[in-house]
Each structure stands twice: as C-alpha cells, then as structure tokens.
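Just a sequence and a predicted model for now, questions to come.
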Amino acid sequence: MDVLVTAGGIPQPDEPLYTYTLGKPKAMLDIAGKPMVQWVLDALGSAQQVENVVLIGLPAESSVICTKPLTFIPNQTSMIENILAGIKQVMMTNPSAKHVLLVSSDIPAITANMVDWEIETTEQSEVDLCYSVVKREVIEARYPDSKRTFTRLKGMQVCGADMNVVSTSVVNMDPAIWERLVASRKNPLKQAAIIGFNTLILAMLGIITLDEALKKATSRLHMTGQVIICPFAEAAMDVDKPNQLELIRADLEKRGQDD
C-alpha cells in the first residue's frame, strides 16, 4: 500500500510547541538526534507492506530520506488539500490503488511492524475510511504521563490514532465538510454541529458504542467507515505539547541505546 505522510504543520506563536520550533515545521523537531519525521520514514522504509511514500509539506532540500521510493509534495493551502494532493499523486503513479495509508509526521515512536499490522488489517476493506483508535488503558500502560485526551464511549475510552486508511475515491468528495472538521478537531461542540449533536450527547452519556458513533458520523458525511482498534499506543502518541515531546525524546533515546 502507498503511504501519505503529512508534515506541513508549523506551530504558531500561541501554540505550545512554538518555543521549540520558532516558525519552523514541527516535523523537523529533533528527536534523539534526527528529525521527528525521519523516525516515521524509517519505520515506513522497513515495513514490508509499504510500496511508495509521498511526503507532503516539506521540500526535498529538507534532507530526510526513505528506503522506499519517496516523492515530495509542497504544502498546499490546508491539511485537506494536502491529503487530496497526495492521493492524486498516488493515483498518478499507481492508478490501480484503491486505498492509501495516512500517517502523521508527529508519531515518531511507530515501528515497521505497527505499520504492517495497520495495512494488513485494513487492506481488504471496501469502506471509505478505516478509522483507528487506541484504548485508554493501552496508552496509559505504555505512556502513563502522556496527558492525552480521551473520548468516553460505552464500555471504553479511546484516543484517535494517527495511522488511518482512506479510499482513493475520497478525491471526488466535496472537501468543504472535511475542512470544517479539521478546523474544529480540538472543539467537540463544533464537531458535533457538523456530525450531529445527538452523537455527541450519546457519547457524553456513555451510551453509544464506538461502531455506532462512527456509523452516525460517516452517515452524516455521506461515506462508509469502519473502526479499527489498534493495539499500539505509539500510533496515538502524537507530539502536541512540550511534555509529550520530552517524553518521546526520552523514549526514543532509550530505544537507540537498547539497539
């Protein structure tokens, strides 16, 4: 499966990581001696199920590399435009591609076997979106001080992962609602206005299951979806705040020493 790596984010002065990046891409933050995105590219390069990689948001001059064929795409006007441009690039080089794996550049702790698991678990799916989540107990067992935010559902609390599989057919969908979802991703009330307040209320009361929540949301978006419960905390351990950055730095420095 081909992979899109999103790396266009640049923290703004009012965001927690600005003092670390100072106007430079977050993907290039140093993590245990190399750019954060390089850890992701190394995992993809070692994964048996990865064919080609499209890196969105960084120039070729950034000096990051991958052992799999790597294509650079410049940053577009928004995250959604970045993803759509990446899918179009995949379809140019591989017209038969039905799905692509979306991976964020800020989950540097992932490994090749985690990437292979995600692809092998979803490659036969015929839905538009395979949305991956990680259970709270899995994340807190691996990263007890991560301070992640969890969504409470019936029988579980989960956190969204940053490895998800989408159909290439989404390039034909109206991007407007995707833009609204991305813009409101940190505000549950705004998201509820888009996917339906009833879904939010049911979730807050803990009386809706994960599958039911996804079914309601994807129906509102006029698409099909499937929930993937990922067993790897690393897939949801994105670096958004200083404490998470230092936690991951210590984790990957230890990995390097163990290797």
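Thanks, I have the structure now. Note that the coordinates shown come from a computational prediction; the quantities given were computed from them, not determined experimentally.

going forward, measure contacts between C-alpha atoms and count neighbours the same way
OK.

sec struct for Asp42, please.
helix (DSSP: H, G, I helix; E, B strand; the rest coil).

What's the end-to-end length of stretch 139-150?
10 Å (C-alpha to C-alpha, to the nearest Å).

Need the contact partners of that stretch.
Stretch 139-150 is contacted from outside by Arg136, Gln157, Val158, Cys159, Phe232, Ala233, Glu234, Ala236, Met237, Asn243, Gln244, Leu247, using C-alpha atoms under 8 Å, 6 or more residues apart in numbering.

These in helices, which ones?
Arg136, Asn243, Gln244, Leu247 (DSSP state H).

element containing Val166, please.
Per DSSP states H and E: Val166 is located in strand 163-167.

Can you list the neighbours in contact with that strand?
98-104, 118-119, 122, 127-132, 235.

what's the spacing between that strand and its chain's center?
On the basis of C-alpha atoms, centre = their mean, to the nearest Å, strand 163-167 sits 9 Å off its chain's mean C-alpha point.

partner strands of that strand, parallel or antiparallel?
strand 99-104 (antiparallel), strand 129-135 (antiparallel) (DSSP bridges).

Contacts for the last one, please.
By C-alpha under 8 Å, 6+ apart, the residues outside strand 129-135 that reach it are 122, 156-167, 223-233, 235-236.

Need the per-residue pLDDT for the spatially most central residue of the chain.
The centroid of the chain falls nearest to Asp162 when counting by C-alpha atoms, centre = their mean (2.2 Å). Asp162 carries a pLDDT score of 91 in this model.

List the contacts of the nearest residue to Lys68 once chain neighbours are set aside.
Using C-alpha to C-alpha, 6 or more residues apart in numbering and skipping residues adjacent in sequence, the residue nearest Lys68 is Gly45, 5.2 Å away. Listed by C-alpha under 8 Å, 6+ apart, the contact set of Gly45 reads Cys66, Thr67, Lys68, Ala112.

how about these in CSV, adding distance to Thr21 and secondary structure?
Listed next are the contacts of Gly45 as CSV, based on distance: C-alpha to C-alpha, whole Å; DSSP: H, G, I helix; E, B strand; the rest coil:
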residue, distance to Thr21, secondary structure
Cys66, 23, coil
Thr67, 27, coil
Lys68, 28, coil
Ala112, 27, helix
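
Any stretches of the stretch 51-200 of the chain with poor pLDDT?
173-200 (pLDDT under 70).
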